[in-house]
Each structure stands twice: as structure tokens, then as C-alpha cells.
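Undergrad: Below: sequence and its predicted model.
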Amino acid sequence: MSRVMRAAVADGRGGVQITDVPVPQAAEGWVVIAPVGTGVCGTDLHLISGDYPHGRFPVVPGHEFAGYVSQVGPGVSSVREGDYVGVNPNVSCGACRWCARGATNLCVDIRPVGVAIDGSVAEFVAVPQRIVFPLSSAISHRAAPLIEPFACVLHALERVPDWRDQEIAVFGAGSIGLMAVVLARAEKAAGVRIVELNPVRRAAAVELGALEAVSSVDELSVAEFDIAIDATGHPAAIDAAVSALGKRGRLVQMGVASPSASVPLRPYEVFAKEISIIGSNSLAEKYGESAERMVDLQGDLSRLVTATFPLEEYESALAVAASADQIKVQVSS
Ligand SMILES: [Zn+2]
Ligand SMILES: [Zn+2]
């Protein structure tokens with residue numbers, strides 16, 4: 001194995017370079033993986049511009065990935081060289097009260113792969129074995145990097161019990177919003193409607209089974225929703241999402257907003273309608289379930305991948321991922 005590899009390195013001030021870096025070695029309890037593909041997501045765009053709180057720089061981005069184990073460190077027993085694996089990118093401390101409750105996504109010392117420690121936009125990536133999951137060989141290389149974002153959708157809907165019987169409006173038909181549509185249809189939920197400005201994304205939503213997809217909340221045929229999911233992170237959409245809620249309505253905030261963004265809150269509306277505002281951060285412990293469900297759902301979910309770039313063209317992948325006409329952009333190593 002050569003001592004250097006190609007990797008993308010972000011400086012946290014908007015810069016990202018494809019360069020030679022040392023190949024990571026598997027320390028005790030760690031595993032080195034050769035990624036087969038990495039999804040680009042909104043978090044990466046925030047991270048690279050320096051607008052994401054957990055970022056530690058310089059860092060190799062890439063947290064939505066799967067690949068083949070290339071080396072195992074001493075004490076690793078759960079996987080072997082050559083195994084096909086996926087990774088829950090949240091490295092948690094295992095000792096704080098949130099970890100004790102199983103809410104590892106809220107760990108006080110969380111160090112996400114591809115954010116605080118080097119990620120997968122590289123020929124190799126090293127991660128602790130406890131976040132590595134063996135994958136079924138039935139899951140395609142294109143679908144496997146979608147397990148992580150789909151796990152975020154499973155977690156978000158677990159945050160709103162009884163969601164299947166309710167009227168749901170999803171704001172934003174990027175990959176997360178569209179994954180919610182795929183899940184709702186797979187679960188035979190009452191119905192999901194989409195509010196999305198971009199016509200390409202609206203068409204994708206209808207193709208995947210949304211009951212309607214419109215550009216403004218006023219155009220929806222349902223006036224009041226039980227659940228509104230924000231998958232945009234944009235204050236105007238979040239404000240519209242709260243306004244669309246009926247009595248006992250629940251807002252699920254899973255879009256990543258800028259830490260400095262704010263939305264006007266109307267306390268009378270929260271009181272009078274008994275509205276709940278529910279945050280959903282990352283994937284908690286849903287990676288394993290998501291990997292299982294990917295076997296059956298990969299047909300629909302992998303349609304969300306609209307462009308793939310080689311590692312050397314990561315900057316183009318980022319630029320294209322920022323365009324509203326793309327859904328999910330991937331990088332192959
Ligand atoms: Zn992501
Ligand atoms: Zn912890």
C-alpha cells in the first residue's frame with residue numbers, strides 16, 4: 001500500500017483542495033475502509049464554508065458512505081478485511097448522559113466522521129469499529145451511501161409517533177424530503193404532500209408517490225396539516241410550515257439551518273392550537289434499521305442519485321450539489 005492517497009481537504013474558510021495526504025492506519029479498535037461512494041449533502045456545504053458548529057479543520061469531508069474494509073486494527077472482531085460495510089458517522093463518547101440514554105446523536109463530545117475527524121472523500125478512511133455495520137451484498141454501491149441520510153428520515157419520523165395516520169406536508173424536496181415520501185409510501189401512510197420551489201424536484205416528488213407537489217403552501221388542497229416537516233433549513237419555509245399546522249400540529253425541524261437564522265414565533269398560535277415543535281438531529285441509532293430497509297427500498301431511493309463525480313472533481317460535485325436541479329450528488333473514490 002502506498003503511503004499517500006488522494007483526498008479532499010477542507011480548510012473551513014470556503015477552501016477545499018484535492019491533495020496527497022498520508023494513508024490512515026488502523027489503530028486499536030479501528031477499521032480502515034476503501035469507500036465505494038460518498039454522498040454530498042447540505043451539511044458538507046455548511047461545513048466547507050465554516051458555517052457548521054462541529055467542524056474541526058483541516059478535515060477530509062464525507063460522512064455518507066460505504067465501502068470495503070481494507071485493514072483492521074488490533075482488537076477488531078466485528079468485521080474482516082474485504083467485508084462490505086457502511087458507517088454511522090457519529091462518533092460518540094459512550095460515557096455522557098445522552099449516550100447512556102441511547103441518544104448518541106446528542107453526545108456532549110460528538111465527533112462526526114467527515115466533520116470533526118477525517119471522512120470519506122478520499123481513497124481510504126479510518127473509523128472506530130463500533131460505528132461500522134456489515135452490509136448485505138444485495139445493496140448496490142449507489143444505494144449504500146444513502147443509508148445514512150435515510151436513517152435521518154427514520155429518526156425524524158420516530159420523533160412523531162402515529163405519523164402514518166396523519167396529514168403530512170414536507171417542505172423541501174431535496175433528498176431528505178423525497179426520502180420521506182418514499183418511506184411514507186412504503187409504510188402506506190395516509191399521504192404526504194410537498195412544498196418545493198423547484199419544478200424538477202416537484203416532478204420527482206410526484207413520481208415517487210407524493211399526493212401533490214406545489215410551489216407554495218396556499219396551493220395545497222389540504223388547508224391544515226397534522227405534521228409539517230421542514231427539510232430546507234430556510235427560515236421562510238419553516239415559518240410557512242408552522243403556519244400550515246392545524247390543531248395539535250407538530251413541526252419536525254430536520255433541515256439544517258444556519259446557526260444564526262431565526263424564525264418569528266407566534267406564541268398565541270402555539271398556545272391556541274397546542275402546537276409542538278420537535279427537533280430531529282441526525283440519525284441517532286437508526287443506521288442498522290436503515291441498512292435493513294435499504295435492501296427493499298433501494299430501487300426508489302437510488303433514483304435520487306442524479307449525478308456522480310470522481311474524487312478528483314469534488315469541487316464540481318459541490319457546485320452541482322448546490323444547484324436546485326440536482327437531488328443527490330455522489331463522489332466515487
Ligand atoms: Zn449528510
Ligand atoms: Zn456521549
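TA: Thanks, I have the structure now. Numbers count the residues shown, from 1 in each chain. Ligands and ions are numbered 1, 2, ... in the order given.
Undergrad: Can you list the low-confidence ranges for the chain?
TA: 1-2 (pLDDT under 70).
Undergrad: Count the neighbours of the residue in the stretch 101-250 of the chain that ligand 1 sits nearest to for me.
TA: Closest residue of the stretch 101-250 of the chain to ligand 1, Cβ to the ion: residue 149 (5.5 Å). For the C-beta atoms, the positions are set from N, CA and C on the backbone; glycine is no exception. Neighbour count of residue 149, defined by other Cβ atoms under 10 Å: 23.
Undergrad: quick one: it from residue 44, how far?
TA: Per Cβ to Cβ, to the nearest Å, residue 149 is found 12 Å from residue 44.
Undergrad: Give me the number of neighbouring residues for the spatially closest residue to residue 259 that is not a sequence neighbour.
TA: With Cβ to Cβ, 6 or more residues apart in numbering as the criterion, residue 259 has its nearest non-adjacent residue at 6.1 Å, and that residue is residue 53. If you count neighbours by other Cβ under 10 Å, residue 53 ends up with 9.
Undergrad: Where do the helices of the protein begin and end?
TA: 42-48, 97-100, 147-158, 175-186, 199-207, 235-243, 267-273, 287-301, 314-321 (DSSP state H).
Undergrad: Between the ones you listed, which one is closest to ligand 2.
TA: Proximity to ligand 2 (Cβ to the ion) singles out helix 97-100 among the helices of the chain, at 3.4 Å.
Undergrad: quick one: the longest strand along the chain to helix 314-321, angle?
TA: Ranked by residue count under DSSP state E, the longest strand found in the chain is strand 30-40. Counting by axes from the mean of the first three to the mean of the last three Cα atoms, to 10 degrees, strand 30-40 lies at 50 degrees to helix 314-321.
Undergrad: what's strand 30-40 packed up against?
TA: strand 64-72, strand 84-87, strand 125-128, helix 314-321, strand 328-332 (3 or more Cβ pairs under 8 Å, 6 or more residues apart in numbering; DSSP states H and E).
Undergrad: Is ligand 1 within reach of it?
TA: No: counting by Cβ under 5 Å from the ion, ligand 1 is not contacted by strand 30-40; separation bottoms out at 6.5 Å.
Undergrad: Work out the gap between that strand and the centre of the chain.
TA: Between the mean C-alpha location of strand 30-40 and the chain-wide mean there is a distance of 15 Å, by Cα atoms, centre = their mean, to the nearest Å.
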